[in-house]
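Chemist: here are the coordinates; sequence isn't available:
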């Protein structure tokens with residue numbers, strides 16, 4: 001089966017509908033995206049949003065490649081990869097990932113990183129099949145809603161400064 005991958009250049013009703021169908025398959029907590037939210041994501045300078053299309057032209061998957069310069073080089077991250085349940089195992093995930101790797105290399109990135117929950121076993125197998133390696137690393141997350149409490153704890157006061 002031939003999968004076509006393209007860069008999102010404009011937000012259409014088709015794209016909004018596709019994200020409405022795909023995003024809940026990736027995250028139960030992510031809010032639905034309207035046209036303006038999708039346009040903000042697709043036009044953000046660090047982002048490249050890719051979509052996969054089935055031979056019939058239906059959008060069956062998406063991936064966001066995020067690239068940014070740092071003092072040590074261009075960093076590239078793959079984020080929010082999702083393929084429609086009805087299209088899994090048909091090459092969309094591989095096609096999206098390979099195109100993201102090609103674009104990252106073209107932009108000067110030396111490596112591409114991604115994270116995937118351990119429960120997403122099929123996704124993990126896909127990434128390893130493409131050539132990703134599991135790294136021994138710690139991933140830290142800071143919830144910005146907790147910023148006040150953290151500032152107090154860091155200062156040793158146990159409460160946020162006034």
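Modeler: Noted; the coordinates are in hand. A quick note: this is a predicted structure, and the numbers were derived from the prediction, not measured.
Chemist: surely residue 42 meets residue 12?
Modeler: No - with contact defined as Cβ atoms under 8 Å, residue 42 does not reach residue 12; the gap is 10.6 Å. Every C-beta, even on glycine, is put in place using the N, C-alpha and C of the backbone.
Chemist: these two - which one has more neighbours?
Modeler: The neighbour comparison of residue 42 against residue 12 (other Cβ atoms under 10 Å) goes to residue 42, with 17 against 13.
Chemist: how far away is that one from residue 90?
Modeler: 24 Å (Cβ to Cβ, to the nearest Å).
Chemist: for the protein, what spans make up the strands?
Modeler: With DSSP state E as the criterion, the chain has strands at 4-7, 47-53, 59-70, 73-83, 113-114.
Chemist: now do the fourth one against strand 47-53, angle only.
Modeler: For strand 73-83 and strand 47-53, the angle between their directions (axes from the mean of the first three to the mean of the last three Cα atoms, to 10 degrees) works out to 30 degrees.
Chemist: middle-most residue in the chain, spatially?
Modeler: Centroid-nearest residue in the chain, with Cα atoms, centre = their mean: residue 79, separated by 1.6 Å.
Chemist: excluding covalently adjacent residues, which one is nearest to that one?
Modeler: residue 64 (4.6 Å; Cβ to Cβ, 6 or more residues apart in numbering).
Chemist: any weak-confidence spans in the protein?
Modeler: Scanning the chain with the threshold set as pLDDT under 70 gives 1, 148-162.
Chemist: now do 90
Modeler: Scanning the chain for pLDDT under 90 picks out 1-2, 117-120, 136-141, 145-162.
Chemist: can you give me the helices for it?
Modeler: Ranges of helices within the chain are 13-26, 35-43, 92-106, 121-130, 147-155, based on DSSP state H.
Chemist: so who does the residue nearest to residue 30 when sequence neighbours are not counted touch?
Modeler: Nearest residue to residue 30 in three dimensions, chain neighbours excluded: residue 23, at 5.4 Å (Cβ to Cβ, 6+ apart). Taking Cβ atoms under 8 Å, 6 or more residues apart in numbering as the criterion, residue 23 is in contact with 30, 32, 33, 82.
Chemist: this completes my enquiry, with thanks.
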